[in-house]
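Enquirer: One predicted model, sequence on top.
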Amino acid sequence: MLKLSLTFCSDKIHQGGGVAAPVGGQVFSEILPYLEVNQGNTEEVEEVEQIETPDIVGKTIKEAESILKESGLELEIENAPEELDKENTLIKEQTPKAGIKVNKGGKIYITIE
């Protein structure tokens, strides 16, 4: 099975999909015939639901876990101490930021105060 990957870098965009997808499509439309690959020979890919990330900065870890669970997302705490008070520890930063679309079941990484 042939697998191809394309990396597109630009410092003039805020979100890559809107710019990279058309560029990738153009590049692959020129590469595939050269490699004698039938462009109609594709696999069905199941569409993944996209979810807008909620704003959890300033909330406690316990509150954030509840919000993310309800949204279908997971919480990942970066550099968490062994003893962590989830009811009183506040979230300082989150990645990705609030409002960004991510795949359902994805992780939101947080930094705590």
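Expert: Everything's here; your move.
Enquirer: make it CA atoms for all contacts and neighbour counts henceforth
Expert: Will do.
Enquirer: most centrally placed residue in this structure?
Expert: The residue lying closest to the centre of the chain (CA atoms, centre = their mean) is Val102, at 4.4 Å.
Enquirer: For it, pull up the helix or strand it's in.
Expert: Assigned by DSSP states H and E, Val102 falls within strand 101-103.
Enquirer: Skip ahead from that strand and say which helix or strand is next.
Expert: With DSSP H and E, the next secondary element past strand 101-103 is strand 107-112.
Enquirer: Check which helices and strands that next one is in contact with.
Expert: strand 74-77, strand 91-95 (3 or more CA pairs under 8 Å, 6 or more residues apart in numbering; DSSP states H and E).
Enquirer: Redo those as TSV? Include mean pLDDT.
Expert: Converted to TSV, the helices and strands packed on strand 107-112 look like this (pLDDT from 0 to 100):
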stretch	mean pLDDT
strand 74-77	94
strand 91-95	95
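Enquirer: Show me the one of those strands that comes nearest Asp55.
Expert: Asp55 lies closest, by CA to CA, to one member of the helices and strands packed on strand 107-112: strand 91-95, at 8.2 Å.
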